[in-house]
Structures are given as C-alpha cells and as structure tokens.
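Engineer: dropping the sequence and predicted coords here.
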Amino acid sequence: MPPKRKRGRPRHKLSQPLNSRKNLVFEKDIEVSENLSKEVMEYICSYCKKSFKKRQYLIAHVNSCGNDTLHEEKPKLHCPKCTKVFVFKKSYKKHVENEHYEGPDGVCCEHCSVICPNKEILQDHLDKKHNSGTYSCQFCTQTFVRRAHVTRHMLQKGCDGRKLREFSCGICSAKFSRKDNLLVHLRLQHIMNKRFQCKMCDFSTKNFSKLILHSQRMHLPKPLQYECDHCGKLTKSRGSLTKHLEIHGDKKYACEVCGYSTYTIEVMRRHTLTHVEDKPYKCSICSNSFIQKAQLLRHLNQHMEFVCNICSKRFKTREEATIHEGQHDPNDLSCPFEDCTEKKFEDEEHQSIHIKEHLQAFKCEVCGKPFEKEINMRRHVPTHALDRPRRCMYCVNARAYVRGEHLLRHVRKHHADVFMQRLMHVRSVLGSYVTTPRVTTPRVSKSELDAILNMLDAESDRIIEDYGTGVLYGGLQDINDQMEIEIPKNEPNTLLSEEELVENLKELLSKLIDQELLEAFGWPDKPIEDILEKVIENCGARPADREKWSRVQCLRENTKHLFIYVVEDKNIAKMLGTHTIDQVIMHILQQFIVKMSQTAPLIVRLLASSVSVANRAGKIVRDIMSKGELGIVEKGKDDYQTEADRSAQRCIIASLSEQYPKVRIIGEEDGNEIQSSHEFLETDADKEILNLECPASLKGIKEEDIVVWVDPLDGTAEYTQGFLEHVTVLIGISVNEKPIAGVIHQPYFKAVGSENKLGRTIWGLKDVGVGGFTPGNPPESLIITTTRSHSNPVVENALQVMKAAQVLRVGGAGYKVLQLLEGKASIYVFASPGCKKWDTCAPEAVLNAAGGKLTDILGNFYKYGASESRPNKTGVLAAVNDELHSYAIQRIPQELKDKLSA
Ligand SMILES: Nc1ncnc2c1ncn2[C@@H]1O[C@H](COP(=O)(O)O)[C@@H](OP(=O)(O)O)[C@H]1O
Ligand SMILES: [Mg+2]
C-alpha cells in the first residue's frame with residue numbers, strides 16, 4: 001500500500017540550503033494581482049525576521065545577512081483590516097470578500113466586526129467563530145465546528161446506519177473512503193509510474209515529498225548549535241535556546257490536577273495531556289493512546305509479534321512465523337528449542353508442559369516468578385521494593401501498596417467518598433462532566449485514575465511531612481464521613497500521645513490476652529512493646545521492624561496485627577478500614593466498659609456511674625470558680641448556696657436519673673425535680689469500679705431499694721472563702737436505710753508530683769473496701785477534726801471533753817471524714833444539729849467500708865430512707881475504728897447528749 005497522502009492543506013515547509021544566490025529556491029513566485037494593495041505584501045528573512053516589501057530586497061539582504069544556511073519563506077499577506085496573515089493569495093482574497101465585504105447588501109456579525117456578503121456566509125462565520133463545537137452527531141455525540149462536517153462525518157463513519165461509501169481501485173484491490181484519496185492512489189501508483197531520483201545519492205522514490213524529506217535529512221549541512229551557558233546543552237536554534245533558558249528560572253507552571261510543576265508552558269501542555277483520556281496518538285490495535293508519536297511507535301512494537309503456534313518462538317513478521325512453523329514436523333515429540341537438552345517426550349501433553357517452561361523465559365530476580373513477557377516481569381519486580389511504598393492515608397488497614405493501581409482499587413472500594421471527591425475534582429479541572437452531579441458507578445478513564453493516584457501520593461507526602469514520620473495512619477480521615485461504627489467518644493481525629501498509647505495498650509492487652517500467657521511473656525515488668533511483639537509472634541504474625549519504624553509506629557503496626565490475628569472480630573476488621581488505630585483501641589476499650597456496665601450488678605454500676613458523675617460535677621465546680629461569678633444565695637443563717645451547688649446538683653441528678661430512673665435521688669439544693677439537662681449529662685462509668693467483684697449480699701439490689709443522697713458541694717462556706725481543698729462532691733448510696741456505697745470527690749486535690757492535674761475521687765463499697773486514696777493509720781496523739789464555720793458553745797463543749805492533743809477546724813463533712821481516712825485526725829466531732837443526710841450518707845458509707853464508724857453524738861446510726869427527716873439533729877461523731885468511736889461516745893457528757901436529743 002502506498003503511503004496515504006496527508007489530510008488537509010499541505011504545510012509549507014520548504015527548506016533548502018542557500019549557499020549561493022544561484023541556489024536560492026522559491027517555490028513559485030506569487031503573482032501579485034493589481035487589485036491587491038502592495039502594503040499587504042511582505043517578504044521575510046527567516047534568519048533575522050526582517051521583512052521586505054520586494055523580493056529583490058530580500059535577496060539583497062540575504063547576501064548581507066551572511067548566513068549560508070538561510071531558508072527563505074514565502075511572502076506573507078497581511079490583512080490591513082484585521083490581524084490575519086495569509087500565505088495564499090486565494091485565501092486572502094476569500095477572506096476580504098467574506099469578512100470585510102464592502103457592498104451595500106452586506107450582513108454584519110453581531111459578535112465581531114465581520115461583514116459578510118450574505119446570510120449563508122455569515123452563518124458559516126458564526127458556526128466557525130462563535131458557536132464552535134455546537135454541531136454534534138446525533139448517533140455518536142461527537143461534536144463539530146460546522147454543520148457540513150457532521151454530514152461528512154456521517155458519510156465517513158456511517159453512524160446513521162447507512163452503508164459506507166467505498167471507492168475501490170479498479171486496478172488493484174485498494175479501497176478508500178474518499179474519492180480524492182482514490183485519485184491520489186491512482187495517480188501515484190498506476191498512472192505516474194515515474195520515480196524521483198535524488199541528485200546526491202542513489203535514493204529514488206515515487207513520492208516527491210519523500211525525496212524532499214530525504215534530501216533534508218541526508219544532504220543538508222548539520223544545523224548550527226547554540227550552547228547554554230548554564231548547563232552546556234546544545235540546541236539547534238536560537239529560539240530553542242531561549243526556550244531552554246527558562247528551565248534555569250522558576251517552575252512557573254503548575255498542573256491543577258496533580259500539582260506537578262515545570263519551567264515551560266510547552267512541558268506543562270504536554271503534561272496536561274497525561275490527564276486526558278483522548279491522547280493525540282492512538283493505537284489502532286488496542287485502546288491505548290499516547291502524547292508523543294515516538295511513544296506510540298514504541299508501543300506498536302509490542303503488537304508486532306508473530307508467534308509460532310508450535311514452539312511459540314516470536315517473529316517480527318507473519319511471513320517469518322509462518323515459514324518457521326512449516327518447518328516443524330507435527331509428529332515430532334521432541335523439544336523444538338534448539339539449545340534444549342530434553343529432547344524426547346512421551347506424549348503431546350508432556351511436550352507442551354515442557355515448552356511452556358521455555359516460554360516463561362523471564363524470571364523475577366527476587367522471587368523467581370516466571371513471566372512470559374518481559375514487560376510483565378518488569379512490572380512485577382518493583383513489588384519487592386518498599387523504598388517508597390504507597391499508603392492509604394484514609395485508613396489504618398494500611399498495608400503498603402507498591403503498585404498504584406492496587407492503592408487506587410483499595411481507595412475506590414473502601415473509601416468511595418474520597419475517590420468520588422477526587423474524581424469530581426479531576427473532572428472539573430479537565431472540564432469533563434462538570435455538570436454531571438454524582439455518578440453512582442462512574443466509568444473512570446486511565447488518565448483520570450493516574451491523576452487521582454497523583455493526588456493520593458501528594459496527600460500522603462504532605463501528611464507524612466506535616467506530622468513527621470511518627471504518624472502514618474488515618475491522617476485524612478474525614479470528620480463528616482458517615483461511619484457505620486460509632487466513633488469513640490473522644491475527639492475523632494485525635495491521636496493518642498505515646499504515653500496514652502502505652503497506657504491504653506496495657507489495658508487492652510490485659511483485657512484481650514490471657515493473664516497467664518501475658519505473665520509468661522514478662523507482664524507486667526517488661527516493656528509493653530516486647531510483650532506485644534511476643535503476643536503477635538505467638539499468633540504466627542511477624543512484628544514490625546524496629547529498625548525501620550519508630551517506637552510509636554511499631555506499637556501501632558503491631559496493634560494492627562493484634563486486631564487482625566488475635567481479635568478475629570468482623571466489626572473490628574471493618575473498623576480498621578475506616579478508623580485510626582488509636583480510635584480502634586479506644587473503641588474496643590469503650591466496648592469493654594459498655595459490656596461491663598451492662599453486665600455488672602446494679603450497685604456496682606451505680607457506684608461506677610457515681611464516680612464519673614462526681615468527676616464531672618467537680619469540673620463544674622472548678623469552672624464556675626474560675627469564671628468568678630459564684631452567684632451566692634443565702635438559704636438561712638450561715639447557710640449559703642452558689643451557682644456551683646446548683647449546676648453540680650443538676651449534673652448529678654440529671655445523669656443518674658437518666659440511667660437509673662427508678663432510683664430515688666435526693667439532693668441538698670432545692671429543685672430536685674430539675675429537668676434533665678443534656679448539657680450536663682454524664683453517662684460514663686468508671687472502669688475500675690465496673691471491674692469490682694460484687695459481694696453476693698449486694699447482688700440482688702433493685703433500683704427501687706436505693707436512695708441516693710447528693711451534696712453537690714460540701715463546704716460551701718469554705719468554697720466562697722477560698723478554702724478550696726475543703727470542698728467535696730458527695731454522692732451517698734443507701735439501701736434499706738443504710739449507707740452502703742459512697743463517693744467523695746475532691747475537685748481541688750493536688751497530688752504530689754502532678755500539681756497540674758486537679759481532683760481525686762474516693763469511693764467505698766460495703767464488704768468490698770475503699771479506693772482512690774491511700775489509707776493512713778490514725779495519728780499517735782488524739783487529733784479531733786470539727787467544723788470551721790458552724791461552731792457554737794455546745795460544739796466547743798463537746799470538743800473540750802475529748803482531751804485532744806490538737807483540734808483541726810475544717811469545712812465540710814466529706815473533708816473531715818477524709819482526714820480520718822488518711823490518718824490526719826482520729827475523731828470527727830460535731831455536737832450540733834446543722835448537718836443533713838446528704839452531708840453524711842457518702843462519708844459514712846466510705847468510712848464504714850474502710851472499717852470506721854459514723855453515728856450521732858449518742859452513738860446511734862442515722863437512717864437514710866427517703867422519708868427520713870433531712871437534718872442530723874443529734875450531731876455527728878465519727879472515728880476510723882470502733883475503739884476510738886467508743887472512746888468519744890464515753891467522753892460526751894450525758895447532759896450534752898440529752899440536750900441534743902431533746
Ligand atoms: N448551723 C448550720 N447551719 C447550716 N448548715 C450547717 C450548719 N452546721 C453544719 N451545717 C452543714 O453541714 C455541712 C458541714 O458543715 P461544716 O463544714 O461546718 O462541718 C455543711 O454542708 P455544706 O457546706 O454542704 O452546706 C453545712 O452546711
Ligand atoms: Mg454539705
């Protein structure tokens with residue numbers, strides 16, 4: 001088949017050496033017609049770009065220009081009415097007649113200054129200039145600039161179903177879709193049998209343009225070379241050098257799709273094509289398309305393989321393969337490969353298995369995997385190199401993806417929203433489907449996938465850079481993502497500090513792994529990372545490489561293994577795809593709490609809730625104090641109430657009654673019926689308490705049996721006067737009128753060594769014990785603790801009879817009992833009716849659980865039934881043990897006892 005003539009107008013590209021004036025070659029002189037203004041004519045020197053009105057001026061200039069490789073260009077015609085330039089006189093004339101028509105019946109374009117001779121030409125102009133791309137083929141949706149092009153398209157493609165026109169050569173079997181192509185074929189192949197001979201060598205061709213090309217390539221002197229001062233690069237022209245110099249400046253051009261940046265606009269234009277599906281050079285055999293012709297040619301080589309059907313030897317041409325195939329004996333059961341030592345086989349099956357081994361000639365150097373095609377082997381090799389693994393930054397199930405397509409497949413499947421967002425962005429930048437809202441199953445082109453991959457890579461680089469190498473997981477988790485599993489209560493994207501991570505992991509291991517096994521691995525003395533590694537190894541998995549990863553990374557990576565290999569839970573596996581490792585850890589621990597809080601006996605749950613609620617109330621107390629607006633109200637003589645009392649009580653009652661609706665809750669402050677306020681709702685339960693072994697005697701308790709006594713701020717007077725360490729939050733739990741559990745929270749307690757952390761919570765449970773503090777032995781000398789702000793002569797009288805070595809005057813019943821528990825005082829004496837049930841219920845319960853005793857001054861226990869009167873009329877007498885309690889009872893004079901009980 002002769003080479004097809006190129007479509008469209010032939011490009012004017014004549015370049016000939018200009019060694020002497022004689023050699024000057026002009027294609028053909030342009031006949032300048034009379035009616036063309038001479039001003040529009042121009043002859044340009046292609047070397048220095050000077051223009052000349054006459055050809056002879058140009059010739060004279062060429063001599064003086066002194067460059068013997070000058071090429072002359074055709075003169076150009078400049079339209080004086082607009083900026084258009086023409087090479088052909090005919091085109092120029094047509095332009096003037098059609099667009100600058102001067103007759104009286106001209107029609108004006110409403111968009112520009114063009115005046116056409118009639119409506120048809122105007123329409124043509126509108127189609128071309130102002131409505132480009134508006135004509136589309138109704139069958140294949142391809143768009144065209146002109147209506148006529150649609151018709152031509154139909155004729156050539158047969159989109160409308162009509163049979164395509166075909167022009168066959170009557171002499172040979174060549175077929176053409178266009179008549180003009182057939183004519184060219186006839187002229188070149190059958191009529192004009194002449195060959196063009198090169199004058200410089202033996203080369204001859206039927207195609208004249210090929211001769212020109214040949215002489216340019218083979219016989220023109222080598223072009224001048226311009227050298228870059230910066231890098232020494234040689235270029236063929238001064239223009240190319242100027243262009244090249246740009247790369248020594250800034251990367252001014254950035255790709256909107258993937259962020260790639262470059263120095264020159266040309267490179268950027270070429271790069272932009274990498275994101276376009278429809279690249280200019282298309283492979284006619286497969287669906288690939290390429291930016292450069294050289295790429296297409298390289299690609300086509302892959303298709304140029306003709307394989308022998310017997311031994312699968314490859315050939316460049318079909319003929320070679322067919323000839324080779326004919327040389328095989330069909331009955332020969334030997335190996336057709338010449339250098340093979342295995343020659344004979346029992347049957348065809350053995351022979352073909354053996355041949356297959358030959359064919360898998362390309363083996364991976366790392367793992368030995370065989371490949372039939374070298375290209376596949378090359379693609380496989382990088383899967384072993386983990387130097388720059390790709391990681392999904394949207395999940396913690398983040399195995400490294402060496403191959404981009406695998407990462408893309410993962411993101412598309414597991415993070416469909418992320419994928420769609422990136423796709424929409426790519427499409428909006430490329431201008432495709434801009435108006436299409438959301439496509440459920442979009443067809444995504446390869447170039448779009450490449451662009452999305454570039455974005456994912458850029459994102460992961462950014463995250464690793466921003467966070468440092470310590471953070472690899474979940475960096476881009478979308479807070480608004482619809483997650484099937486509820487995110488742990490903590491802030492969703494907060495990563496745990498190393499210390500928190502270690503603490504939580506310890507707890508997790510203790511929950512998940514058998515205690516004996518943990519101890520065998522060195523629990524609790526060995527570092528958590530060692531134990532975690534051993535657990536993983538024990539399950540057959542390989543722990544993270546300590547040399548490559550930081551401690552935190554190793555902990556997270558190994559925790560991931562722990563979840564995958566040890567906790568074989570579907571929900572957790574699913575969560576690994578959508579949450580950070582830290583979130584999963586917190587979630588699992590939370591689940592344990594939820595599970596425990598659902599299964600623990602009521603009294604344990606209530607106490608655990610009370611601890612959490614008291615902590616929250618303590619925070620409220622602190623917050624109100626730090627705001628400085630206490631909102632003090634005088635309830636009675638020496639009896640105050642603050643905003644902290646009110647708010648803390650609201651929190652406690654709302655939180656407990658929400659979870660334990662049948663429990664009777666009585667608070668110090670008015671308005672026990674205060675509506676549950678979601679603002680203060682605390683539903684957490686203390687884990688340590690939930691883990692307590694509940695004694696059998698307390699297991700059967702029902703909500704209806706319980707009365708909870710709440711003093712939201714014990715020591716109000718001291719709170720208002722700044723004696724903050726005296727302040728406590730009290731929650732006492734009574735069953736059958738007896739205090740059996742209690743919580744004393746100290747919002748302003750400062751532990752030695754961690755002064756920045758405020759607050760502690762002391763609890764006590766009957767037959768179980770106490771927690772939250774270190775109990776102390778009673779002081780050696782008798783130290784009494786008593787009221788600071790509610791004293792009177794009777795109270796003082798009772799103190800005097802005790803013969804104490806020291807009297808401590810502090811605020812709040814809760815704080816005084818704490819002094820007993822910590823060994824700072826021996827007896828709490830308050831011979832006055834001022835205290836109420838909410839002041840003593842919790843302290844009494846905790847003191848009882850610690851082995852102490854709290855009664856009235858007479859030695860009688862108070863009852864904590866809901867119908868009991870609130871005041872503890874006969875005062876308070878408490879001690880850390882029975883002995884001290886009995887001592888105090890004996891010391892109180894009968895007269896005083898009678899006075900109080902009267
Ligand atoms: N005379 C009195 N009038 C009112 N409340 C009294 C009182 N004597 C003792 N109380 C209450 O008993 C609790 C302990 O008192 P004290 O600190 O003096 O030992 C305080 O609780 P609140 O601080 O919660 O009001 C206090 O109100
Ligand atoms: Mg009180």
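Structural biologist: Received it, and whenever you're ready, just let me know what you need. Given the structure is predicted, the values throughout are model-derived calculations rather than measurements. Ligands and ions are numbered 1, 2, ... in the order given.

Engineer: quick one: the nearest residue to residue 702 once chain neighbours are set aside from ligand 2, how far?
Structural biologist: Excluding its sequence neighbours, the residue lying closest to residue 702 (C-beta to C-beta, 6 or more residues apart in numbering) is residue 602, at 7.0 Å. (C-beta placed from N, C-alpha, C; glycine too.) Between residue 602 and ligand 2 the computed distance is 26 Å (C-beta to the ion, to the nearest Å).

Engineer: flag every residue of this protein that's near ligand 1.
Structural biologist: Residues of the chain found near ligand 1 (C-beta under 6 Å from any ligand atom) are 638-639, 668, 711, 714-717, 787-790, 811-813, 830, 832, 834-835, 839.

Engineer: keep only those that also lie close to ligand 2.
Structural biologist: The subset of the residues of the chain next to ligand 1 lying close to ligand 2, counting by C-beta under 5 Å from the ion, consists of 711, 714, 839.

Engineer: in three-state terms, label the last one for me.
Structural biologist: Put plainly, it is residue 839. What DSSP: H, G, I helix; E, B strand; the rest coil gives for residue 839 is helix.

Engineer: give the contact list for the closest residue in space to it that isn't next to it in sequence.
Structural biologist: Once flanking residues are discounted, residue 839 sits nearest to residue 813: 4.1 Å by C-beta to C-beta, 6+ apart. Going by C-beta atoms under 8 Å, 6 or more residues apart in numbering, residue 813 touches 711, 714, 730, 828, 830, 835, 839, 840, 843, 876.

Engineer: surely the last one is in contact with residue 856?
Structural biologist: Yes - judged on C-beta atoms under 8 Å, residue 876 makes contact with residue 856 at a distance of 6.8 Å.

Engineer: which one's more surrounded, the two?
Structural biologist: Between residue 876 and residue 856, counted using other C-beta atoms under 10 Å, the more crowded position is residue 876 (27 against 23).

Engineer: from residue 734, how far off is the more buried one?
Structural biologist: Plainly put, residue 876 is 16 Å away from residue 734 if you go by C-beta to C-beta, to the nearest Å.

Engineer: one more: residue 332?
Structural biologist: Look at residue 332 and residue 734: by C-beta to C-beta, they are 102 Å apart.

Engineer: name the helix or strand for whatever residue of the chain ends up closest to ligand 1, please.
Structural biologist: Distances between the chain and ligand 1 by C-beta to the nearest ligand atom are smallest at residue 834, namely 2.0 Å. Taking DSSP states H and E as the definition, residue 834 sits outside all helices and strands.

Engineer: need the nearest residue in space to it, chain neighbours excluded.
Structural biologist: Residue nearest to residue 834 in three dimensions, not counting chain neighbours: residue 790, with 4.9 Å by C-beta to C-beta, 6+ apart.

Engineer: go on, residue 307?
Structural biologist: residue 314 (5.5 Å).

Engineer: what of residue 708?
Structural biologist: residue 665 is the one closest to residue 708 (C-beta to C-beta, 6+ apart), at 4.6 Å.

Engineer: and this structure, which of its residues are near ligand 2?
Structural biologist: So the chain meets ligand 2 at 711, 714, 839 (C-beta under 5 Å from the ion).

Engineer: change it to 6 Å
Structural biologist: Contacts of the chain with ligand 2, taken as C-beta under 6 Å from the ion, map to 711, 714, 813, 839.

Engineer: ok, so of these, who is nearest residue 550?
Structural biologist: residue 714 (47.8 Å; C-beta to C-beta).

Engineer: now do that closest one against residue 810, distance only.
Structural biologist: Distance from residue 714 to residue 810, counting by C-beta to C-beta: 11 Å.

Engineer: which neighbours do these two share?
Structural biologist: The contact sets of residue 714 and residue 810 do not overlap (C-beta under 8 Å, 6+ apart).

Engineer: who's more crowded, those two?
Structural biologist: Ranked by neighbour count (other C-beta under 10 Å), residue 714 and residue 810 place residue 714 first, with 29 against 21.

Engineer: was I right to think that one contacts residue 816?
Structural biologist: No - applying C-beta under 8 Å as the test, residue 714 and residue 816 come out as separate, 9.5 Å apart.

Engineer: contacting residues for residue 615?
Structural biologist: Applying C-beta under 8 Å, 6+ apart, we find residue 615 in contact with 682, 745, 759, 761.

Engineer: name the SS class of the last one, please.
Structural biologist: Just to be clear, that refers to residue 761. strand.

Engineer: next: the first one.
Structural biologist: In the three-state summary, residue 682 is assigned as coil, counting by three-state DSSP.

Engineer: what's the local residue count around it?
Structural biologist: Residues contacting residue 682 under the criterion other C-beta under 10 Å number 20.

Engineer: contact partners for it?
Structural biologist: Neighbours of residue 682 in contact, by C-beta under 8 Å, 6+ apart: 609, 612, 613, 615, 616, 651, 655.

Engineer: OK, contacts around the second one?
Structural biologist: Residue 612 makes contacts with 682, 684, 685, 686, as judged by C-beta under 8 Å, 6+ apart.

Engineer: if we go to 10 Å?
Structural biologist: 655, 682, 683, 684, 685, 686, 687, 689, 743, 761 (C-beta atoms under 10 Å, 6 or more residues apart in numbering).

Engineer: how about residue 898?
Structural biologist: Residue 898 touches residue 858, counting by C-beta under 10 Å, 6+ apart.

Engineer: measure it to residue 831 for me?
Structural biologist: Counting by C-beta to C-beta - residue 898 and residue 831 are separated by 12 Å.

Engineer: then residue 728?
Structural biologist: Taking C-beta to C-beta, one finds residue 728 at 22 Å from residue 831.

Engineer: more neighbours, the two?
Structural biologist: More crowded of residue 728 and residue 831, by other C-beta under 10 Å: residue 728, with 34 against 28.

Engineer: give the bridge partners for the more buried one, please.
Structural biologist: For residue 728, the beta-bridge partners under DSSP bridges are residue 714.

Engineer: and it, what does it touch?
Structural biologist: Taking C-beta under 10 Å, 6+ apart, one finds 614, 618, 621, 711-715, 718, 743-749, 761-762, 811-818, 839, 842-843 in contact with residue 728.

Engineer: which ones among these map onto strands?
Structural biologist: Using DSSP state E, 711-714, 743-749, 761-762 are the members of these that sit in strands.

Engineer: just put these in a markdown table and tack on pLDDT.
Structural biologist: Putting the ones in strands among the contacts of residue 728 into a markdown table (pLDDT from 0 to 100) gives the following:
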| residue | pLDDT |
| --- | --- |
| 711 | 94 |
| 712 | 93 |
| 713 | 94 |
| 714 | 94 |
| 743 | 97 |
| 744 | 97 |
| 745 | 96 |
| 746 | 96 |
| 747 | 95 |
| 748 | 92 |
| 749 | 93 |
| 761 | 96 |
| 762 | 96 |
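
Engineer: for residue 564, state which of these is nearest.
Structural biologist: Using C-beta to C-beta, residue 761 comes nearest to residue 564 of the ones in strands among the contacts of residue 728, at 37.1 Å.

Engineer: next, count neighbours for the nearest residue to residue 901 once chain neighbours are set aside.
Structural biologist: Using C-beta to C-beta, 6+ apart and skipping residues adjacent in sequence, the residue nearest residue 901 is residue 874, 5.5 Å away. By other C-beta under 10 Å, 22 other residues sit near residue 874.

Engineer: A helix includes residue 874, no?
Structural biologist: No - counting by three-state DSSP, residue 874 falls outside a helix, being coil.

Engineer: was I right about it contacting residue 897?
Structural biologist: Yes - between residue 874 and residue 897 there is a contact under C-beta atoms under 10 Å: 7.9 Å.
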